[in-house]
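Student: model the structure of this input:
(one chain, ligands or ions: 2)
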Amino acid sequence: MQIAIVGVGGAGNSLLSRAISEGVSPKNCVAVNTDRGQLSESNAQNKVLFAGSSSSSRVGSSEGRSRIQSLAQRVAPFTRESDFTILLTGLGGVTGTSAAPLIAQLNRDEVRPVVSIVALPFIHERERRFVALRGLKQMVEACDCTVVIDNAAEFRRVSDSERAADETAGFAVRGLSEVVAVGRPLVSHRILKILSLGQIATVCFAPVISNERVQSAVIDALRTPSASLPVSKARGAVLLYRGVEPLSTGQASRAYEAVSSLIGHDVEFVHVSTMSAASSSLSIFLTGYSYDMVLGAFVEMIEDLYDMEYGTDSGPAELGLPVRLYQMEGP
Ligand SMILES: Nc1nc2c(ncn2[C@@H]2O[C@H](COP(=O)(O)OP(=O)(O)OP(=O)(O)O)[C@@H](O)[C@H]2O)c(=O)[nH]1
Ligand SMILES: [Mg+2]
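Tutor: Ligands and ions are numbered 1, 2, ... in the order given. Next comes the predicted model:
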């Protein structure tokens with residue numbers, strides 16, 4: 001299958017470069033941005049520069065919308081030939097949040113799926129997290145599955161030089177694009193089916209020391225999913241293994257045992273091995289989440305944050321403060 005990988009906005013461009021440095025072919029990649037500097041740094045083969053929106057054409061206005069629509073159309077020539085699109089973006093800013101859902105819509109039909117991988121802002125980027133949540137709603141409606149990489153989540157750091165969130169995302173993009181590009185169509189369909197068990201998925205990563213120790217790698221990985229959604233609510237799992245030797249049937253079924261016992265029930269499962277001369281690792285997508293679950297997790301995180309800030313950790317009675325100082329409005 002032919003694959004296209006589109007990175008939109010600052011985060012989208014940097015996630016795309018990350019994936020290319022992990023081995024994704026730049027030929028299949030399109031970088032889209034309003035920022036000329038970021039675009040020139042991208043090593044994607046195809047680039048679309050979009051003139052930044054002036055104050056007279058704000059996002060949400062009909063003029064702004066039609067400008068973004070024409071941008072989305074300029075991406076189409078690069079993705080027309082592909083059977084499967086992976087869309088990378090960060091939500092919370094202007095460019096990615098407004099353009100990525102439209103690009104997804106234009107690229108997706110019954111036979112051409114779009115899977116997006118989206119970064120959510122750090123916890124200190126407060127207002128941006130609200131903007132991102134609204135953007136996420138549009139993304140999930142436009143995509144077959146949206147994999148959430150929450151910058152506020154704790155990540156396993158594989159190397160200490162890079163942002164761990166981007167590392168996890170980079171491996172996920174490489175794994176997914178490799179499997180879709182070179183794997184059997186039947187396998188790709190099964191992966192897509194499990195990814196689209198819900199609107200939202202998380203992904204996690206761990207190195208594998210030896211195939212005999214695949215279970216402990218699964219346990220390591222599931223400890224740090226890319227967003228703080230309860231593992232127990234997952235309905236499916238996609239295991240992309242990469243190593244010197246493929247997983248044997250026995251090793252794969254032990255991996256599944258670890259997955260299902262950590263989740264706490266049986267889930268739909270598929271695993272694929274791809275060869276790599278270098279070290280072994282695995283990425284696991286946990287699927288079947290809904291947008292509302294992200295909303296719920298988000299509210300909890302905000303409450304924790306405010307509790308911390310107002311010192312309710314040391315006891316509300318002591319400070320004479322009401323426990324809940326902050327209430328989130330609905331979407
Ligand atoms: N993981 C990760 N997140 C990023 C990166 N760059 C930005 N983000 C996040 O993505 C969100 C959106 O930021 P950008 O991608 O820079 O925004 P944009 O789409 O370019 O939009 P404007 O610049 O406002 O037009 C931010 O709030 C950050 O939290 C990155 O390199 N990696
Ligand atoms: Mg930008």
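
Student: which residue does the chain have closest to ligand 2?
Tutor: The chain approaches ligand 2 most closely through Gly10 (3.8 Å), counting by C-beta to the ion. For every residue, glycine as well, the C-beta is placed using N, CA and C.

Student: quick check: that residue touching Gly93?
Tutor: Yes: look at Gly10 against Gly93 with C-beta atoms under 8 Å: they come within range, at 6.7 Å.

Student: any idea which element the residue of the chain closest to ligand 2 lies in?
Tutor: Using DSSP states H and E, the element containing Gly10 is helix 9-21.

Student: any chance you could list what contacts that helix?
Tutor: Residues lying outside helix 9-21 but in contact with it, judged by C-beta atoms under 8 Å, 6 or more residues apart in numbering, are 5-7, 26, 29, 31-35, 38-39, 41-44, 87-90, 93-97, 99-100, 117, 119, 162, 166-167, 169-170, 173-174, 177.

Student: please point out which parts of that helix sit buried.
Tutor: Gly9, Gly10, Ala11, Gly12, Asn13, Ser14, Leu15, Leu16, Ser17, Arg18, Ala19, Ile20 (16 or more other C-beta atoms under 10 Å).

Student: now do stretch 181-193
Tutor: Ala181, Ser188, Arg190, Ile191, Leu192.

Student: of all these, which two lie farthest apart?
Tutor: Greatest spacing in these, by C-beta to C-beta: Ala181 and Arg190 (15.7 Å).

Student: please flag which of the contacts of helix 9-21 sit within helices.
Tutor: 38-39, 41, 95-97, 99-100, 166-167, 169-170, 173-174, 177 (DSSP state H).

Student: please spell out the PyMOL selection for the buried subset of those.
Tutor: Of the ones in helices among the contacts of helix 9-21, the buried ones can be selected in PyMOL as follows, counting by 16+ other C-beta under 10 Å:
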select buried, resi 38+39+95+96+97+99+100+166+167+169+170+173+174+177
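
Student: contacts with ligand 2 among the ones in helices among the contacts of helix 9-21, please.
Tutor: Among those, proximity to ligand 2 is found for Thr95 (C-beta under 5 Å from the ion).

Student: gap between the strand or helix carrying Thr146 and the chain center?
Tutor: Per DSSP H and E, Thr146 falls inside strand 145-150. Here strand 145-150 shows a centroid-to-chain-centroid distance of 3 Å under the convention C-alpha atoms, centre = their mean, to the nearest Å.

Student: now do the buried residues in it.
Tutor: Residues of strand 145-150 classed as buried: Cys145, Thr146, Val147, Val148, Ile149, Asp150 (neighbour count, 16+ other C-beta under 10 Å).

Student: export those as JSON lines, with columns for distance to ligand 1 and pLDDT.
Tutor: Listed next are these as JSON lines, based on distance: C-beta to the nearest ligand atom, whole Å; pLDDT from 0 to 100:
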{"residue": "Cys145", "distance to ligand 1": "19", "pLDDT": "98"}
{"residue": "Thr146", "distance to ligand 1": "14", "pLDDT": "98"}
{"residue": "Val147", "distance to ligand 1": "12", "pLDDT": "98"}
{"residue": "Val148", "distance to ligand 1": "11", "pLDDT": "97"}
{"residue": "Ile149", "distance to ligand 1": "6", "pLDDT": "95"}
{"residue": "Asp150", "distance to ligand 1": "9", "pLDDT": "93"}
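
Student: closest to Gln138 out of those residues?
Tutor: Thr146 (10.0 Å).

Student: wait, isn't that closest one in contact with Val114?
Tutor: No: at 9.4 Å, Thr146 does not count as touching Val114 under the criterion of C-beta under 8 Å.

Student: a strand runs through Cys204, doesn't it?
Tutor: Yes: assessed with DSSP: H, G, I helix; E, B strand; the rest coil, Cys204 lies in a strand.

Student: got a list of what it touches?
Tutor: So Cys204 contacts Arg156, Thr168, Ala221, Leu222, Arg223, Thr224, Pro225, Ser226, Ser283, Ile284, Leu286 (C-beta under 8 Å, 6+ apart).

Student: quick check on those residues: which are buried?
Tutor: The neighbour-count test (16+ other C-beta under 10 Å) marks Thr168, Ala221, Leu222, Thr224, Pro225, Ser226, Ser283, Ile284, Leu286 as buried among those.

Student: without its sequence neighbours, what residue ends up closest to the most centrally placed residue in the chain?
Tutor: Taking C-alpha atoms, centre = their mean as the criterion, Ile117 is the residue nearest the geometric centre of the chain, at 2.8 Å. Leaving aside its sequence neighbours, Ile117 sits nearest to Val147 (C-beta to C-beta, 6 or more residues apart in numbering; 4.5 Å).

Student: cool, and Ser188?
Tutor: Val180 (4.9 Å).

Student: likewise Asn151?
Tutor: Nearest to Asn151 is Phe122, by C-beta to C-beta, 6+ apart, at 4.5 Å.

Student: quick one, phi/psi of the one you found?
Tutor: phi -60, psi 160 (degrees, to the nearest 10).

Student: ok, back up a step: what is the mean pLDDT for the helix holding Gly10?
Tutor: In this model, helix 9-21 has a mean pLDDT of 96.

Student: ok, stretch 271-281 next?
Tutor: 91.

Student: so which bits of that stretch are buried?
Tutor: Buried residues in stretch 271-281 (16+ other C-beta under 10 Å): His271, Val272, Ser273, Ser280, Ser281.
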